[in-house]
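**Student:** pasting a predicted model and its sequence here:
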Amino acid sequence: MAIVAMDIKNADFTSIFNIASLQNKLLVDLHWFTLAVCLMIGLVVTGLMIAIIAKFRTAENDDGSEPRQTRGNIRLEIIWTAIPLFIVIVLGIMTAYVMIIVNPAVGTKRKPDVIVVGHQWWWEYQYPNYGVTTANELYLPVGKNALFEVRSADVVHSFWVVAFGQKMDAIPGHPTNMWIHPTKKGLFLGTCSEYCGAQHGLMRIIANVVSPEDFDTWIKAQNAMPESSNDPAVAKGKQLFNSETCVQCHQIAGDPAAKAHIGPDLTHIAQRKTLGAGVLENNTANLAKWMQNPQQFKPGVNMPNMRLTDENAHDIAVYLESLK
Amino acid sequence: MTQGTLPSSHNPVNWVAEVPEYKGILSWLTSIDHKQLGLMYIMSAFGFLVVGAFLGLTIRLQLMFPMSHVVSQEGYNQIFTMHGTTMVFFVGMPLLFGFAVYLTPLMIGARDMAFPRLNAFGYWVYLFGAALLFFSFLAGGGPSAGWFAYPPLSEKGYLFNSGQNYWALSLFLTGLGSVATGINIIVTVLTMRAPGMTFKRVPLFVWMIFMDAFLVVFSLPALNAALVMILFDRTLNTHFFDATVGGSPLLWQHFFWFFGHPEVYILILPGWGAISEVIPVFSRKVLFGAGVMAASTVAITFLSFGVWVHHMFATGLGFSPLYIFAVTSLLIAVPTGIKVWSWLATMWGGKLRFTVSLLHAMAFLLQFTIGGLSGVMFAVIPIDWQLTDSYFVVAHFHYVLVGGMLFSLIAGVYYWYPKAVGRMMSETIGKWQFWLMVIGFNGTFFVMHILGILGMPRRVWTYPKGMPGWAELNLFSSCCSFILVASILLFVYNLVWSFYHGKIAGPNPWNAWTLEWLAESPPIAENFERVPVVRSRRPLWDLQFGSGGDGEEDHHA
């Protein structure tokens, strides 16, 4: 089994308390407040329990008489109803406050900045404002509030970049929205958070937050046609890509034969850091191995074993890795 | 302690193995006696508990190290689906019904349930339903869509083996039995109480079981309806949950959780009931605030039908529909808190006898408080957005269902075992089992809170190497899970050992106060020769002291 290392080594700390978005700042503040309240209640219960164990153990020389039979105390009962009621009212008000700020209602006029589509078991990212479609590696500019639309192509998934805070389910026939305003540059990780079948655990999310300039550069590169190469191995690989069944699932802009929209878009695959939604480092050797037996790396993945020879697999991999 | 006013035992049979009516396997297979059916429910539940525990242990083995391959991915998905389904439907539910049908008639001074044959029907339908689900492993593979089986994943297009059909059929069958038994309990409590036992004098255990039966009768049909729909989708090509042709996957989530949240209370209420009997007896005090305790149970029963969307806070339903359910979910914490305070106040000022039963009750109080407080955190929607479907949720509901339900029902087993079997359970084995279980349980599940905070989603077959903290915490949790499973096995061993070697108990070994302790241990056929007129919540206290069974109001403290 392959070792995923590169993206994890370079990633920012994966924790809900790592604040990488404006929204998560509010969530974390609310979280600490609620946690503090809960800890206090927990400490009171624990303290009472310790006091009870210490004070009311039956003495060795107990006379066997029954203790005083107190059946209730109205004042005490009112107090322990009223105080928790007050606490939950406060929590309820803060819940509403944070919800409205973190996820305000979205009008119909605003186009989403990113459309996330969950597939079994990879992520498709569309940038409708730029006409860009890519897979598995999300890019966002720092300091800009981005509206996400979350969709599903098959079963229920859930999109969760841990340090961004909020997660959002991807439900077929029920597109949902959320806002993410990244505040920190870096690489942030997540995993699909609603059980979605075989590869749920390795349906990883890799989010790159970059400066606005780098984001523009990335968008330009995504919009450019992949450079054609004179390398004969690349030409052979391209011919194999079109004649083997690859094109029945995959899309490559500029290749009229490759227009299918079932598997990930491969137009700029060479720019990605990983393969198979984060299970393998992206390089020619790994890509060739992946194509020869995807099930070995991602059991259950929908890509079949195409029974490619070593040579053909290598050539296709060389072609794909030329798609910068 | 004078026992002079209590009727003394003149029954020669003081061990359940010697009861003439229970001789021979046929007497059990054909039984309509509530005591036999209750014992069969509880024995089946503990049998499935061991099965479920080993399924859980397999999960922990697979997650012990990153990228490991102890079981295949397909096998793993079946195992966690079966772990959840088994624990909820084949352990939790029969424990509820076992305790309910064994104890309810005894505690209200009745001879049997209102409908003894319906009672037997409920048990056998449950057992066959459970057998049907495990049969699926021989029929092409078990279900693998998780215990809440969200479509479209649970539809034919994504899981085409027959396991998911068996899952729906099996739960439908057990659901029928549950509703039947629920109705039976309601009618029994309403019509068969001893003379003088008004609802103010009904023991708290029976109050909770009574409310529980309403939860069963009104929530299980929602599940059954949804099961029929998914079965039709899978076998008759209907499209209830298929979004591509106008169905709605969200519809399933509403149906399922309309059942699923009351289900949580269905599972915990018998435990609360047991605790409400165990704590007073071993503190030698009347239950503090019994009236408020019953009222808060009614409040929880109503509220629990209005909180189901808190399982769906991450579905993007919009502010208003989500917020309403945040409010109800927060509110339900208030009556739940009242219970915890009342139990503590019952122990306060008592003379505590630290039996194994009380030890479990006290561990329950602390662990259930942790599970309840993390539940409050989930009611705060923005925190739910962070943590739902992560290991924090797994920690939360295991604190409620294992640290809460299982610990409290084990307290109940230690408390009522002498009544049912006629022999005491071993306190020595019990103390070992208790401490192993406390260490094993908290070790296994507490670290899962942290795993959730570090972003580990639930239901993952494996996880990559190098995620900060994941490998270490998972290894720790897995090691502790061995201790937990060992403690469960030790508990089962204690049940068996004490059956043969336990001290003869006599009718009232704990010097307790409710009617079941007036009967012989084990109770004779039809339970009582004569039931006294009930004048308070503690009729045996009245028999002993003449009056004062309800305790006295405290106007000062």
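**Tutor:** Right, received. Where do you want to start?
**Student:** which other helices and strands does the host helix or strand of A:Ser158 contact?
**Tutor:** Assigned by DSSP states H and E, A:Ser158 belongs to strand A:157-160. In terms of contacts (3 or more CB pairs under 8 Å, 6 or more residues apart in numbering or on different chains; DSSP states H and E), strand A:157-160 is packed against strand A:114-119, strand A:167-170, strand A:186-191. Bear in mind the C-beta positions are built from the backbone N, C-alpha and C, glycine included.
**Student:** now these as TSV including mean neighbour count and mean pLDDT?
**Tutor:** Listed next are the helices and strands packed on strand A:157-160 as TSV, based on neighbours: other CB atoms under 10 Å in any protein chain shown; pLDDT from 0 to 100:
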stretch	mean neighbour count	mean pLDDT
strand A:114-119	22	97
strand A:167-170	26	96
strand A:186-191	22	95
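**Student:** of all these, which lies closest to B:Val340?
**Tutor:** Closest approach to B:Val340 among the helices and strands packed on strand A:157-160 (CB to CB): strand A:167-170, 30.8 Å.
**Student:** can the helices and strands packed on strand A:157-160 go into TSV with extra columns for distance to B:Trp432?
**Tutor:** Shown next, in TSV, are the helices and strands packed on strand A:157-160 (distance: least, CB to CB, whole Å):
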stretch	distance to B:Trp432
strand A:114-119	48
strand A:167-170	42
strand A:186-191	40
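**Student:** so which of those comes closest to A:Gly254?
**Tutor:** Closest approach to A:Gly254 among the helices and strands packed on strand A:157-160 (CB to CB): strand A:114-119, 22.2 Å.
**Student:** closest residue of the stretch 1-150 of chain A to chain B?
**Tutor:** Nearest to chain B, among the residues of the stretch 1-150 of chain A, is A:Arg71, at 3.2 Å (CB to the nearest CB).
**Student:** which residues touch B:Ala168?
**Tutor:** Applying CB atoms under 8 Å, 6 or more residues apart in numbering or on different chains, we find B:Ala168 in contact with B:227-228, B:230-231, B:234.
**Student:** now do 7 Å
**Tutor:** Applying CB atoms under 7 Å, 6 or more residues apart in numbering or on different chains to B:Ala168 gives the contacts B:227, B:230-231.
**Student:** next one: B:Ser283
**Tutor:** By CB under 7 Å, 6+ apart, the contact set of B:Ser283 is B:346-347, B:350-352.
**Student:** mind running it again at 10 Å?
**Tutor:** A:52, A:56, A:58, A:67, B:343, B:346-353, B:358, B:361 (CB atoms under 10 Å, 6 or more residues apart in numbering or on different chains).
**Student:** just the buried residues of the residues you listed.
**Tutor:** Among those, those classed as buried by 16 or more other CB atoms under 10 Å in any protein chain shown are A:52, A:56, A:58, B:343, B:346-353, B:358, B:361.
**Student:** what's the most distant pair in those residues?
**Tutor:** The span of the buried ones among the contacts of B:Ser283, defined through CB to CB, is set by A:Thr58 and B:Trp343 at 18.2 Å.
**Student:** using a markdown table, lay out the helices and strands packed on strand A:157-160 together with distance to chain B.
**Tutor:** A markdown table is the format used below for these (distance: least, CB to the nearest CB, whole Å):
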| stretch | distance to chain B |
| --- | --- |
| strand A:114-119 | 12 |
| strand A:167-170 | 5 |
| strand A:186-191 | 5 |
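**Student:** ok, and the closest non-adjacent residue to the residue of the stretch 251-400 of chain B found nearest chain A?
**Tutor:** Relative to chain A, the nearest point of the stretch 251-400 of chain B is B:Gly316 (2.9 Å; CB to the nearest CB). Leaving aside its sequence neighbours, B:Gly316 sits nearest to A:Thr176 (CB to CB, 6 or more residues apart in numbering or on different chains; 2.9 Å).
**Student:** likewise B:Trp167?
**Tutor:** Excluding its sequence neighbours, the residue lying closest to B:Trp167 (CB to CB, 6+ apart) is B:Pro143, at 3.7 Å.
**Student:** quick one: what helix or strand has that neighbour in it?
**Tutor:** According to DSSP H and E, B:Pro143 maps onto no helix or strand at all.
**Student:** what is the burial count for residue 159?
**Tutor:** This is for chain A. Residues near A:Phe159, counting by other CB atoms under 10 Å in any protein chain shown, number 30.
**Student:** wrong chain, I was asking about chain B
**Tutor:** 25.
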